[in-house]
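Chemist: Got a predicted model here, sequence first, then my questions.
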Amino acid sequence: MAETLAAVGLVSNIVQFVDFGTKLLATSRALYHSTEGAMQENVDLEMITASIRSVSQGIVNGTLGINEPELRNLAGTCTTLADELLAFLSRLKIDSTKNRQLEVIRKSFKSIRFGRTVRELNDRLCRVRDQVFVRLDYLLRQVNCPSQKASLLPVIHNLADVTKTLGIETQRKVDMIKVEILGILDKRLWREGQDEAALDNLSSSLMNLVEQSRTLRNVHVFLKSLHFKQIKARQFEVKIAHTNTFEWIFDEGNEWSGGHKLLIASHFFWNAGTTMQKSQEGLLRTLLFQILADSPELIPIRYPDRWVSGNTRNASSCLEAWSLPELSRALEAIAGLDHLPARLCLLIDGLDEYDGDHSKIIQVIKTLAKSPHIKLCVSSRPWTVFVDAFDSSDSKFYLQDLTINDIRLYIKDILEGNADFRDLKSREAAGSENIVQQIVSKAQGVFLWVYLVVRSMLRGLTNRDEMSYLARRLAKLPSHLETYFKHMLDTIEDVYQEQTAQTFHIMANASTTLPLLALHFIDHEKNDPDYALHREIGSVLHSEFVAMVDIERRQLNARCRDLVEVTEDKDEPFFFRYGVCFLHRTVMDFLRTTEMETLMASRSGVGFSPNLALCRAYLAQAKTLPAVCETKDDVLRNLVLGTIYYARQMELLDGVEATAILEELHNTPEFFYRENYIHWSEMFPMNEFQNILEIAVRAGLRLYVRQKIEEYPATLQCVLSSGLQTTITIRQDSIFEVLSTSEVDISMLRLLLELGACPSEPLKSGTKTTIWENFLHERVRHHDMVPAQWHMAKFLPPDEQYSAPKVTTNAYDVCELVILHVKGNGLYFPGVKETFQQLFEPDQASRLCGYLEDDKDRFTHSETEYKRTYRSKGSPTWWNPLGYFS
């Protein structure tokens, strides 16, 4: 994109030069023959000369980074013409030291040659103009260029896609400017001389296009640093309010905005969701993102440091992640503005779902509420901490006191929208009104209960129930949500009970929206538990997927009633945009009670493991990933990490390993990407992992590691280095993320040593450096970094977090375990004592040196002789990086 915009900027400079040059030549004859105001004319010529030099320099600077030969040649032609125009201008000046009349006579004799020069320069400028317009037309219109860098249209389309996803308001400015430029090119008014300002307008429009596109790119980079995958997830899952309900909440807001633009930003806390959905960081990033996407002009004003970062060539990689204090200051900066481009209405739902110090979230709300340009609507269960904080507010209200009319409206609209109910009402008007009134009375303001009851009424109407049967149905429905949930479970047919329990068990275990495709594959387990292993690698056809979505919707409705629903996130790739989630957070709370967990476990069947089911499903998805996928690498990486995550959960919670699944997973990416020759390790930055076994060692899959090493003993030494590195944690969030820790997994290391791993063996074939020596070398290399500095890695982007410097906070425990386990087996080397002293406290270093005494006696070279040798050299070595003996 940067090269394309630079090319358009260069074209703009060339157009400006052509426009300037042709206008100059058009007026040059008058200047040449002028006999009055010599001094003023010379001043004007000096100004023109300076302008030409400035434009010419702009063209020279504009060629930097341009690789297109045509444009570079045009730029070279323009600089040559600029030099000739400057020489031409010098001849127009009148020498004030000479006789003016004689100068005029001399010019008269030269007028013929002068006219020829003007025509020649003008023709050459016109040729440059025509060539640059051909190039400009190509830049603006061409879609299928040989090189995408050669065309601006794909860049504009890409920006449009990005801004549509992020909701940025600037894109329409770029579109308007592009239309304006194409209009100027189509009319070609400058050729017929119909519009003398056409070239000037074109140059201005081009520069405006470049500036707006760069601004849009920088806004995108800035907002991307705030965006996270699930930023709109709850918004997609929350149903749209029924027509004409809850309108009252905005009445005062519309009046308060007083004709100003009203921006509504929202955040939904969800304790059962991802980290971002239940944290203060998620709230701040969501609100900032929505506000600044709507009013991007605030970004360079309020956050100039980050805006400067966004203007760099590698903006997307150099823009730092946000810290929590920085996010707080950023939102406070907006709240502190005297003037805002819009009045802000902030809706924050579920304070009781916030996972953190409630006093901090209360303070955020109170700080925002001080601004006269911001109004907040926050909701929570009536917890004491929130009642105490907001009880004195005049604007406090209980939702159930205000929703009676909305509930009545919803019930009447839905039921009376049904032809069978209208027929019943025509025959039993009193009975129909009584049904509506009973639902309103029993609801106690709980809209979710109303929604479920009305769905039950509609099922009765489908069965052609009379009004009396609808009344009986309503009477049997519990008036409390949890009791109602139990009632719904009891109404599920026996044939579906096991599958229903398994589905609920899996969804509760997943803790986030589950891909519908995953649930589809889990259904295969009944007929073939090893379906994921047997499945061929290849994508599902689009038509098959559409049919599958319809089937899954029907089956979920039969098995789970109205407690789960299928959602659609259009920002996701097509095959992963459909998800399955619980109808409401209260359903998750209900299923996580001890009573329901026991019931679901008893109904799920003997030996059922939700972790095993999810592990298989993620492998099956990885093998089914479409060949054409908008974000193929990211999606596949997420599926691979998901498979490993649930394999780890199987070991922790079920006590079994997932060997066959992990082996199949190891092969899948290589087969799937065979046409691109992408190795498994290239899915991770820095090629940190070469195979599944290395990841398993770092991720703590001890059962799998033991089985593989016992099966293939030769792999033991290969993975010992991984066992001496800091562990990784695969975190389940909106996506699966790899986070590094600051400790070596002592249990994993002990396992490797017990299986026979030898740290005194060479690190690589043909080298003398041992695995043990390399471990200490790496610790010394980072010994000046304190653990607190390492923890800043959590502010890095997810794909960079686990490649942060590995500061090992339990290095002493590692050294002690290794020395005691393989004592007397070649761990001593010259300089080891100084290395220990550099890394550890004096008593720790002394203790470790004591463990190595026996090993030292076996060492064939004298340490004193070794020191004497290296003292004379005075140079750092791998084990003595600071030149200890120099």
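Modeler: Thanks, I have the structure now.

Chemist: Identify, by residue count, the longest strand of the chain.
Modeler: For the chain, the longest strand by residue count, based on DSSP state E, is strand 736-744.

Chemist: What helices and strands are in contact with it?
Modeler: On a contact count with 3 or more Cβ pairs under 8 Å, 6 or more residues apart in numbering; DSSP states H and E, strand 736-744 meets helix 632-649, strand 726-732, helix 798-801, helix 811-821. For the C-beta atoms, the positions are set from N, CA and C on the backbone; glycine is no exception.

Chemist: Try it again at 10 Å.
Modeler: helix 632-649, helix 692-699, strand 726-732, helix 787-790, helix 798-801, helix 811-821 (3 or more Cβ pairs under 10 Å, 6 or more residues apart in numbering; DSSP states H and E).

Chemist: After that strand, which helix or strand is next? Please name it.
Modeler: Using DSSP states H and E, the next helix or strand after strand 736-744 towards the C-terminus is helix 746-754.

Chemist: Which neighbouring elements make contact with that following helix?
Modeler: Packed next to helix 746-754, using 3+ Cβ pairs under 10 Å, 6+ apart, are helix 692-699, helix 702-711, helix 716-723, helix 811-821.

Chemist: Buried residues in that helix, which are they?
Modeler: 748-749, 751-753 (16 or more other Cβ atoms under 10 Å).

Chemist: Rebuild the residues you listed as CSV, extending it with pLDDT and distance to residue 619.
Modeler: What follows is these, written out as CSV (pLDDT from 0 to 100; distance: Cβ to Cβ, whole Å):
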residue, pLDDT, distance to residue 619
748, 94, 23
749, 94, 28
751, 94, 25
752, 94, 26
753, 93, 31
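
Chemist: didn't residue 261 look like it was pressed against residue 373?
Modeler: No. In this structure, residue 261 is not within contact of residue 373 by Cβ atoms under 10 Å, at 11.2 Å.

Chemist: Compare neighbour counts for those two and give me the winner.
Modeler: In terms of neighbours (other Cβ atoms under 10 Å), residue 373 is the more surrounded of residue 261 and residue 373; the figures are 17 against 12.

Chemist: and the gap between that one and residue 423?
Modeler: 53 Å (Cβ to Cβ, to the nearest Å).

Chemist: likewise residue 384?
Modeler: 51 Å.

Chemist: more neighbours, those two?
Modeler: Shown here are residue 384 and residue 423; by other Cβ under 10 Å, residue 423 has more neighbours (12 against 9).

Chemist: Contacts only, for that one.
Modeler: Counting by Cβ atoms under 10 Å, 6 or more residues apart in numbering, residue 423 touches 461, 464.

Chemist: list the buried ones in the helix or strand hosting it?
Modeler: Taking DSSP H and E as the definition, residue 423 sits inside helix 419-427. Under the neighbour-count criterion of 16+ other Cβ under 10 Å, helix 419-427 has 421, 424-425 buried.

Chemist: With stretch 395-405 instead?
Modeler: Neighbour count says stretch 395-405 has residue 403 buried, by 16+ other Cβ under 10 Å.

Chemist: Please export the C-alpha coordinates of that stretch as CSV.
Modeler: This file holds the C-alpha atoms of stretch 395-405, laid out as CSV (Å, rounded to 0.1, in the frame of the first residue of the first chain):
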residue,chain,number,x,y,z
SER,A,395,-31.3,8.0,38.3
LYS,A,396,-31.2,4.6,39.9
PHE,A,397,-34.1,2.3,39.0
TYR,A,398,-35.1,-1.4,39.0
LEU,A,399,-35.7,-2.7,35.6
GLN,A,400,-38.7,-4.8,36.5
ASP,A,401,-40.5,-1.7,37.5
LEU,A,402,-40.3,-0.2,34.0
THR,A,403,-40.7,-3.2,31.7
ILE,A,404,-44.3,-4.2,32.3
ASN,A,405,-45.6,-2.2,29.3
